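**Q** any chance you could fold what I've pasted below:
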Amino acid sequence: MANLQVKSMSLPDGPKTPALWQILYWIADPIGSMREYSQRYGDCFSLRIGYNLNPLVMISNPEILQMILTNDESKLFEAPGELNGLLEPLLGKESVLALSGAKHRRMRQLMMPPFHGERMRSYGKTISDITDQVIRELSQQKTFNLRDVMQQISLSVILKAVFGLQEGARYQELGRAITTLLDRLSNPLSVAMLYFPRLQQDLGSWSPWGGFVRQRQVVDDLIYAEINDRRIQGNHDRDDILSLLMSAKDESGEGMSDGELRDELMTLLTAGHETTATAMAWALYWLHHLPEVRQKLLAELTDNAADLEQNLTKLPYLNALCNETLRIYPVGMVTFPRIVKEPMELMGYTIEPNTMLLGCIYAAHHRESVYEDPDTFKPERFLTRQFSPFEYLPFGGGSRRCVGMAFALFEMKVVLSRIMTQLDLALVDDRLLFPVRRGVTASLPPVTMQVIGHHSMKSEMPISVTSG
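**A** From the prediction side, this is the model:
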């Protein structure tokens with residue numbers, strides 16, 4: 001465990017390049033920058049990529065991560081939501097990601113129930129039905145863009161399972177509006193506007209920020225209209241996540257305001273749509289880039305075809321495949337920021353109060369002392385060893401661990417099992433791929449796949465299992 005004795009004031013070593021260059025490098029190639037700096041400086045290094053280009057410290061050492069993530073609401077550290085101000089223009093001030101202290105705990109308590117236990121059963125059938133519909137559409141095509149199709153599935157899941165919308169005008173309008181809004185934040189220029197608030201200038205609908213603001217208003221109008229309709233109609237006998245959130249009460253009997261509901265829905269949209277689509281796309285890429293991985297999964301799915309719906313979340317190789325997908329290129333690259341509250345020593349460096357600490361998830365997932373041959377995709381590593389939550393943390397950790405973790409993993413398994421048991425696919429270009437930035441996450445580059453044929457081992461019953 002880390003020694004907390006105070007020594008001379010200093011920061012860990014880090015790049016000597018100008019702060020502006022460091023943040024531009026981070027925006028353009030976050031995986032490349034983390035890889036380079038962790039190889040050069042080890043598992044604790046300083047960067048100037050925070051607000052006002054102040055220094056922050058990135059950490060990938062499991063012992064230090066354990067100390068930080070198990071004490072993130074103590075006298076040693078705090079995790080103030082204000083540090084996620086980068087996302088405030090999209091998510092709002094009431095997002096669970098932007099709250100601190102008691103407000104944050106209250107919101108997590110209100111949001112957790114829909115994502116666990118029996119609540120997942122109905123979502124399983126929804127995800128299964130959506131995937132089967134997309135499979136039928138793909139059967140009529142020769143080729144398709146992998147990420148686009150996974151986004152189509154994940155967005156439909158959000159609209160139906162989270163918003164409770166069915167096919168219709170608002171379903172179509174909200175789907176188009178959300179896609180347009182997130183696309184506006186997908187390129188490096190848009191990310192730069194988030195990091196440099198001075199660039200957030202509304203110069204009209206033709207300007208980058210002006211276009212974003214107007215598109216955000218379109219989404220907001222649709223969300224508030226749905227919330228208002230639900231207030232009028234009531235949420236009796238509905239089990240979509242919006243209905244459950246509207247019915248949830250805190251310890252004092254208070255529910256969520258319309259503004260809170262809007263911000264949490266935007267958080268679920270952003271955190272649950274883009275990230276899950278990316279993870280599913282990576283998994284399908286690896287399955288078809290590495291034939292031996294594909295064959296092992298198909299064998300497991302075939303062996304369990306008779307009772308696939310009961311065993312889906314218990315299949316060892318499917319679990320290992322999903323874990324390895326999230327390990328090698330984690331969609332969320334760093335943990336939620338923590339702030340040091342009193343002087344302390346970390347790995348021989350004395351860290352001053354108010355210093356920002358970030359867990360470097362990518363570097364933690366590529367430690368050779370933990371993961372043998374870390375740059376190779378090997379699901380088997382999760383069959384032979386159990387990694388600690390400070391060695392493997394694709395959803396973050398501590399009080400800020402992703403609320404929708406169980407839902408995301410569940411969705412991945414349902415979608416992958418449905419596609420792999422029904423379609424025979426192939427990569428049009430089988431080259432080795434590396435992540436690119438998409439918004440605030442690491443994503444899969446464009447990948448074209450083709451439909452070769454169909455499998456006959458399709459499960460006749462829709463997937464409707466619990467998250468396990």
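
**Q** tell me which residues of the lowest-mean-pLDDT helix or strand in the chain come out buried.
**A** Least confident helix or strand of the chain, by mean pLDDT, DSSP states H and E, is helix 308-311 with a mean of 78. Within helix 308-311, the residues that qualify as buried are 308, 309, 311, counting by 16 or more other C-beta atoms under 10 Å. For the C-beta atoms, the positions are set from N, CA and C on the backbone; glycine is no exception.

**Q** with distance to residue 403 as added columns, please give the residues you listed in a markdown table.
**A** Listed next are the buried residues of helix 308-311 as a markdown table, based on distance: C-beta to C-beta, whole Å:
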| residue | distance to residue 403 |
| --- | --- |
| 308 | 28 |
| 309 | 25 |
| 311 | 26 |
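
**Q** hmm, back to that, how far is whichever helix or strand comes after the least confident helix or strand of the chain from where the chain is centred?
**A** Counting by DSSP states H and E, the next helix or strand C-terminal to helix 308-311 is helix 316-328. Remark: helix 316-328 is offset 15 Å from the chain centroid, using C-alpha atoms, centre = their mean, to the nearest Å.

**Q** just the CA atoms of helix 316-328, as PDB, please.
**A** C-alpha atoms of helix 316-328 as PDB (Å, rounded to 0.1, in the frame of the first residue of the first chain):
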ATOM      1  CA  PRO A 316     -17.400 -18.500 -19.700                       C
ATOM      2  CA  TYR A 317     -16.000 -17.700 -23.100                       C
ATOM      3  CA  LEU A 318     -18.600 -15.100 -24.000                       C
ATOM      4  CA  ASN A 319     -17.900 -13.400 -20.600                       C
ATOM      5  CA  ALA A 320     -14.100 -13.600 -21.400                       C
ATOM      6  CA  LEU A 321     -14.600 -12.200 -24.800                       C
ATOM      7  CA  CYS A 322     -16.600  -9.200 -23.500                       C
ATOM      8  CA  ASN A 323     -14.000  -8.600 -20.800                       C
ATOM      9  CA  GLU A 324     -11.100  -8.700 -23.200                       C
ATOM     10  CA  THR A 325     -12.800  -6.400 -25.600                       C
ATOM     11  CA  LEU A 326     -13.100  -3.800 -22.800                       C
ATOM     12  CA  ARG A 327      -9.600  -4.400 -21.600                       C
ATOM     13  CA  ILE A 328      -7.500  -4.000 -24.700                       C
END
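
**Q** ok, and what's touching it?
**A** Residues from elsewhere that reach helix 316-328, judged by C-beta atoms under 8 Å, 6 or more residues apart in numbering: 279, 282-283, 286-287, 293, 296-297, 300-301, 312-313, 365, 371, 374-375, 377-383, 392, 394, 409, 412-413, 416-417.

**Q** check stretch 384-391 too.
**A** Residues contacting stretch 384-391 (C-beta under 8 Å, 6+ apart): 62, 63, 65, 66, 69, 364, 367, 370, 397.

**Q** now, which of those residues lie within helices?
**A** Counted as lying in helices by DSSP state H, out of the contacts of stretch 384-391, are 62, 63, 65, 66, 69, 364.

**Q** could I get those residues as TSV with neighbour count, pLDDT and distance to residue 455?
**A** Formatted as TSV, the ones in helices among the contacts of stretch 384-391 follow (neighbours: other C-beta atoms under 10 Å; pLDDT from 0 to 100; distance: C-beta to C-beta, whole Å):
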residue	neighbour count	pLDDT	distance to residue 455
62	21	94	40
63	14	93	46
65	26	94	41
66	18	92	43
69	23	89	42
364	27	97	37
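
**Q** between those residues, which is nearest residue 260?
**A** Comparing the ones in helices among the contacts of stretch 384-391 against residue 260 with C-beta to C-beta picks out residue 69 as the nearest, at 26.2 Å.

**Q** about what we covered before: which PyMOL command selects the buried ones in the contacts of helix 316-328?
**A** Remark: buried members of the contacts of helix 316-328, expressed as a PyMOL selection using 16+ other C-beta under 10 Å:
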select buried, resi 279+282+283+286+287+293+296+297+300+301+312+313+365+371+374+377+378+379+381+382+392+394+409+412+413+416+417
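
**Q** so residue 419 makes contact with residue 132?
**A** No: if you go by C-beta atoms under 8 Å, residue 419 and residue 132 don't touch, sitting 9.6 Å apart.

**Q** among those two, which residue is more densely surrounded?
**A** Shown here are residue 419 and residue 132; by other C-beta atoms under 10 Å, residue 419 has more neighbours (23 against 16).

**Q** who's in contact with that one?
**A** 131, 135, 284, 425.

**Q** from residue 295, how far out is it?
**A** Using C-beta to C-beta, to the nearest Å, one gets 16 Å for the distance from residue 419 to residue 295.

**Q** low-confidence stretches in this protein?
**A** Along the chain, segments meeting pLDDT under 70 span 1-9, 50-54, 73, 83, 116-121, 235-236, 456-468.

**Q** near residue 88, how many residues? Count them for me, please.
**A** The number of residues packed near residue 88 is 18, by other C-beta under 10 Å.

**Q** distance from the chain centre to stretch 323-333, please.
**A** Distance, stretch centre to chain centre, for stretch 323-333: 10 Å (C-alpha atoms, centre = their mean).

**Q** residues of that stretch that come out buried?
**A** For stretch 323-333, burial by neighbour count (16+ other C-beta under 10 Å) applies to 323, 324, 325, 326, 327, 328, 329, 330, 331, 332, 333.

**Q** repeat that for stretch 259-276.
**A** 260-276.

**Q** so which of those residues belong to helices?
**A** Cross-referencing these against helices under DSSP H gives 260, 261, 262, 263, 264, 265, 266, 267, 268, 269, 275, 276.

**Q** relative to residue 106, how far out is the fourth one?
**A** When you say that, I think you mean residue 263. In terms of C-beta to C-beta, residue 263 sits 14 Å off from residue 106.

**Q** cool, the third one as well?
**A** When distances are taken as C-beta to C-beta, residue 262 and residue 106 turn out to be 17 Å apart.

**Q** cool, and the second one?
**A** Taking C-beta to C-beta as the measure, residue 261 and residue 106 are separated by 14 Å.

**Q** and for residue 270?
**A** In this structure, residue 270 and residue 106 are 21 Å apart, going by C-beta to C-beta.

**Q** adjacent strands (with direction) for the top strand by length along the chain?
**A** Secondary structure of the chain per DSSP state E: the longest strand is strand 448-454. Sheet pairing of strand 448-454 (DSSP bridges) gives strand 143-145 (antiparallel), strand 423-427 (antiparallel).

**Q** now do residue 81 against residue 98, distance only.
**A** Residue 81 is 4 Å from residue 98, where distance means C-beta to C-beta.

**Q** also residue 226?
**A** 22 Å.

**Q** more neighbours: the two, which one.
**A** A count of neighbours by other C-beta under 10 Å puts residue 98 above the other of residue 226 and residue 98, at 23 against 19.
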